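**Q** Need a 3D model of the following:
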Amino acid sequence: MLWPDGSLHWLELEGRVYRDATGRPVHMAGTVIDITARRQAEAARTQAEAALVASERRFRALIDHCADAVALFDQHGVVQYISPAATRLLGYDLTTFLGENAFDFIHPAERQSTADQLAKRVFVHHVFDSFQRFAVMDSKEDGRAESNLGQRAVDDFRSRGR
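**A** Residues are numbered from 1 along each chain as shown. All right, here's what the predicted structure looks like:
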């Protein structure tokens, strides 16, 4: 409905018709509620959801096509996501990592130092960047791969139910 000031308002109407004994309408009663704020909030939420979906698509495209292996894991070190580059770099199928503790794939000689770095960097600086030796499938040598974890990105990804 158009208000006298030119603004558009959404209204919700509910009513009842009262009839006489012959079924002829005699009067009507009801309510009219201005639901403009609710409709604006719904529109804003829809726009925000669309922006979030677009952002998630860009993030996934970036991570899925990145040359580096990128892993997202929970506070217990369990891998929630790993990029396809991990297969190329480490030789494992991606499903090998999912649901497993990331520390199981770090070279034993570097597990403690990695845990120490993670605790310091993530909980103090909110970022974990380091080089670690990982066990490489079908190789007699230890692989060297870079692992990057931005805590804010992980929190963002996790809050969306991933």
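**Q** Phe59 versus the nearest residue to Ser83 once chain neighbours are set aside, what's the distance?
**A** Of all residues not flanking Ser83 in the chain, Val70 sits nearest, at 4.3 Å (Cβ to Cβ, 6 or more residues apart in numbering). Backbone N, C-alpha and C define where each C-beta goes, glycine included. As judged by Cβ to Cβ, to the nearest Å, Val70 and Phe59 stand 10 Å apart.
**Q** one step back: so the residue nearest to Ser83 is in contact with Ala85, correct?
**A** Yes - taking Cβ atoms under 8 Å as the definition, Val70 is a contact partner of Ala85 at 7.3 Å.
**Q** what about the two, which has more around it?
**A** A count of neighbours by other Cβ atoms under 10 Å puts Val70 above the other of Val70 and Ala85, at 21 against 18.
**Q** For the more buried one, give its distance to Tyr81.
**A** 8 Å.
**Q** joint contacts of these two?
**A** Jointly contacting Val70 and Tyr81 under the rule Cβ atoms under 8 Å, 6 or more residues apart in numbering are Ile63.
**Q** Who are the contact partners of the closest residue to Val78 other than its chain neighbours?
**A** Spatial nearest neighbour of Val78, excluding adjacent residues (Cβ to Cβ, 6+ apart): Asn101 at 5.7 Å. Neighbour list for Asn101: His76, Gly77, Val78, Val79 [criterion: Cβ under 8 Å, 6+ apart].
**Q** okay, the second one: pLDDT?
**A** Gly77 is assigned 81 on the pLDDT scale.
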